[in-house]
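A.B. asks: Here is a sequence with its predicted model. Questions after.
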Amino acid sequence: DQQVKQNSPSLSVQEGRISILNCDYTNSMFDYFLWYKKYPAEGPTFLISISSIKDKNEDGRFTVFLNKSAKHLSLHIVPSQPGDSAVYFCAAFRSGAGSYQLTFGKGTKLSVIP
Amino acid sequence: KAGVTQTPRYLIKTRGQQVTLSCSPISGHRSVSWYQQTPGQGLQFLFEYFSETQRNKGNFPGRFSGRQFSNSRSEMNVSTLELGDSALYLCASSPGGSNQPQHFGDGTRLSIL
């Protein structure tokens, strides 16, 4: 069973507009969530994270929103730039598990059109 | 500050062989995790090491094993290679505490012929 789901395999956005990437999870024990960006032939790069005690976290053009009741989080990129074109992975973590194991969604490929 | 370094970057093996992949974490990071990325399954957790001890293991067969040395460097071994083991193997490190992001290397691309 897939505990972290990214239901949109791809997303196209015009440069300068907002990109919204969505992620759903099923395991209510997850309490720390992360977004990673991945370019071809490179490893995932950490973007932004949020703890379950918050509902929003901002870092420059990137904002992550967490809705615990809906088990849903989203990543907003404003404004979108061509360099943002990459695959974005949502990941979840259970801090009380005694080990560090990330559970990943399958990714959303974002294309920002100039 | 140097990032996570994985060697080799590319590897070609044949069925039945074994392979060892290496990972050097960010200096000061004590937790090292390994993940397998395939087009169909995405990124899947293999195992995590902390202070030379395996703390957790994913749902992979016993052919997949690993270890961590006292300097936190880690190796992953896959024995009796199968065609389905072709994948990108990613190593990630973190300081070890909760609520801290893992940082990934660029991976080793393993191809099985």
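C.D. replies: All right, it came through fine.
A.B. asks: residues contacting the closest residue to A:Asp84 other than its chain neighbours?
C.D. replies: The shortest distance from A:Asp84 to any non-neighbouring residue, by Cβ to Cβ, 6 or more residues apart in numbering or on different chains, is to A:Val112 (5.1 Å). For every residue, glycine as well, the C-beta is placed using N, CA and C. By Cβ atoms under 8 Å, 6 or more residues apart in numbering or on different chains, A:Val112 lies in contact with A:Ser12, A:Val13, A:Gln14, A:Glu15, A:Ser19, A:Ser80, A:Gln81, A:Pro82, A:Gly83, A:Asp84, A:Ser85.
A.B. asks: the strands in the chain, which residues?
C.D. replies: In the absence of a named chain, this looks at chain A. Assigned by DSSP state E, chain A shows strands spanning A:4-5, A:10-14, A:19-25, A:32-38, A:45-51, A:56-59, A:62-67, A:72-77, A:86-93, A:103-104, A:108-113.
A.B. asks: To clarify, I was referring to chain B.
C.D. replies: Under the criterion DSSP E, chain B contains strands at B:5-7, B:10-13, B:19-24, B:31-38, B:42-50, B:53-57, B:64-68, B:74-78, B:87-94, B:103-104, B:108-112.
A.B. asks: Turn those strands into TSV, including mean pLDDT and distance to chain A.
C.D. replies: Listed next are the strands of chain B as TSV, based on pLDDT from 0 to 100; distance: least, Cβ to the nearest Cβ, whole Å:
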stretch	mean pLDDT	distance to chain A
strand B:5-7	97	8
strand B:10-13	96	10
strand B:19-24	98	11
strand B:31-38	94	5
strand B:42-50	93	4
strand B:53-57	91	4
strand B:64-68	97	13
strand B:74-78	98	13
strand B:87-94	95	6
strand B:103-104	95	4
strand B:108-112	96	8
